[in-house]
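Make a model of this:
(chains A and B)
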Amino acid sequence: MGSVDRCDKTLPLNEMIFYVRRDAGLRARWQSDLEGLAREFGLGAAEYEALRDKDVRRLHELGVHQYYVPQILRLFFGASANSNAHPALEAYRRAYPTEAAQAMKLQEELRRREA
Amino acid sequence: MAEIVAAMAMTHSPGLTGWFDRAPAHYQSQALRALGEMRDRLHAARPDAVVVFSNDHLLNWPINNTPEYTVGIGAEHVGPADWYDEWLALAKYRIPGHPSLARYLVSEGARRRLALAYLREMQFDDGVSVPMHYLNPAGSIPLVPVTMNCTVPPIPTPARAYEVGATLREMIEAYPGSERIAVVATGGLSHEPGGPRYFWVDEEFDLWFLEMLKKGDHRALLAECTLERMEAAGSGGTAELLAWVLVLAFTEGPADVLAYMPAIDWRTGTGMVIWNQLAGR
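Purely as a prediction, here's the structure:
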């Protein structure tokens, strides 16, 4: 099966993101006291460090549900983080250079074909 | 008894509202034309309620407890959720619910051994918000939202979605009222939200899947369109097409494919489909 199967449903970070997205107060804490928030939700050191470093590949490897990874980037960078021209793309380029290059090549091919 | 009066399916890509103008102009015009036709056909069917099937993007339930299906039973539905409104570039909307039908589905489902969780206050992400923005912009058609798990392992199979669709069709047709009911599937086509292939779509898979819908052979589609094949075309996202497979069980024969765009800018293979023939007619 696919990469989504790497998800560890018991990972505290997966629970934390669910509650943070739904609560404006927790979203403010994300900006002001991420380390304290992580501690309250029981994140391990590796989880916190991957989160702090916005390390997409490491977050995947730890078992963060992959849908949540762009949501994490949105929490750091704002709502525009899901357009293709945002730091989200840069974070994925760093994590998965081959896949990102293939995607950009496909996009260029599609643009040429449909121009 | 209630009557099924329309069945259709569309992508719910957040780019369709949030960053619509990032896609090529001809994608934009194709999408608007197809969505306009869907809206016209939906309203022409004069439904008393629209039942929308879409995956929940881990918004309504925490990952330690993700029901396979959840019915929104509220008297009114308000969206998008705060976390999504800026991202989707949508103002808050209010759509009346149809609590009688929604609560019937939950209770009758239990009698038929189909577990349907429910929420009185459901939160809405792109899955319902984007389709309602285009298909039900004035909120004039009461809504019964049904969210599905299409992304948290274990992901249900297409065969299971079709089986549930057949049961729901029987249940809706047995609903003790004279309501006219439309069903809309949202999600897909190929994409891998947040995965290593986040910025990629699988045009070949999408065209193959839509061709299967055009042929209208349900048995062949279920045999060939396995969960493994969906996952290979975009893990954790392409399986949103389980909603389309569910609605397929409300139909017979070929679907009209109104549009297809391999819209990497919108982050999904993007398509719109209407079925002309409903099951049992």
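
burial measure for residue 110, as a count.
Just going to use chain A. Neighbours of A:Leu110 under the rule other Cβ atoms under 10 Å in any protein chain shown: 19. All C-beta atoms are positioned from the backbone trio N, CA, C, and that covers glycine.

other chain: chain B
B:Ala110: 11 surrounding residues under other Cβ under 10 Å.

hey, where'd the strands end up in the stretch 101-250 of chain B?
Along the stretch 101-250 of chain B, counting by DSSP state E, counting those that start in this stretch, strands occupy B:117-119, B:143-148, B:180-186.

Which elements pack onto the second one?
Counting contacts by 3 or more Cβ pairs under 8 Å, 6 or more residues apart in numbering or on different chains; DSSP states H and E, strand B:143-148 packs against strand B:49-55, strand B:69-72, helix B:99-111, helix B:126-135, helix B:242-248.

tell me which residues of the longest one are tucked away?
Of the residues in helix B:99-111, those buried under the neighbour-count criterion (16 or more other Cβ atoms under 10 Å in any protein chain shown) are B:99-102, B:104-106, B:108-109.

Stretch B:236-256 now?
So for stretch B:236-256, counting by 16+ other Cβ under 10 Å, buried means B:236-252, B:255.

First-to-last residue distance for it?
26 Å (Cα to Cα, to the nearest Å).

That stretch near chain A at all?
Yes: applying Cβ under 8 Å from any Cβ of the partner chain, one finds stretch B:236-256 touching chain A at B:Gly236.

What residue in chain A comes nearest to chain B?
For chain A, the residue positioned closest to chain B under Cβ to the nearest Cβ is A:Gly2, at a distance of 2.5 Å.

quick one: that residue and B:Gly236 touch, right?
Yes: if you go by Cβ atoms under 8 Å, A:Gly2 and B:Gly236 touch, sitting 6.5 Å apart.

just so I know, which of the strands of the stretch 101-250 of chain B lies nearest B:Asp56?
strand B:143-148 (3.8 Å; Cβ to Cβ).

Contacts made by that closest one with the rest, please.
If you take Cβ atoms under 8 Å, 6 or more residues apart in numbering or on different chains as the criterion, strand B:143-148 is touched by B:49-56, B:60, B:68-72, B:77, B:95-98, B:101-102, B:105, B:116, B:122, B:124, B:127-128, B:132, B:136, B:156, B:161, B:242-243, B:246.

That one - what's its average pLDDT?
Mean pLDDT, strand B:143-148: 98.

That one to helix B:99-111, inter-axis angle?
Counting by axes from the mean of the first three to the mean of the last three Cα atoms, to 10 degrees, strand B:143-148 lies at 30 degrees to helix B:99-111.

Can you show me the CA trace of strand B:143-148 as PDB?
Taking only C-alpha atoms (Å, rounded to 0.1, in the frame of the first residue of the first chain), the coordinates of strand B:143-148 have been written out as PDB:
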ATOM      1  CA  LEU B 143     -28.100  19.400   3.200                       C
ATOM      2  CA  VAL B 144     -27.400  16.000   4.800                       C
ATOM      3  CA  PRO B 145     -23.600  15.700   5.000                       C
ATOM      4  CA  VAL B 146     -22.100  12.200   5.300                       C
ATOM      5  CA  THR B 147     -18.400  12.100   5.900                       C
ATOM      6  CA  MET B 148     -16.300   9.000   5.200                       C
END
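
Which residues are in contact with B:Leu168?
B:Leu168 touches B:51, B:105, B:109, B:114, B:246, B:249-250, counting by Cβ under 8 Å, 6+ apart.
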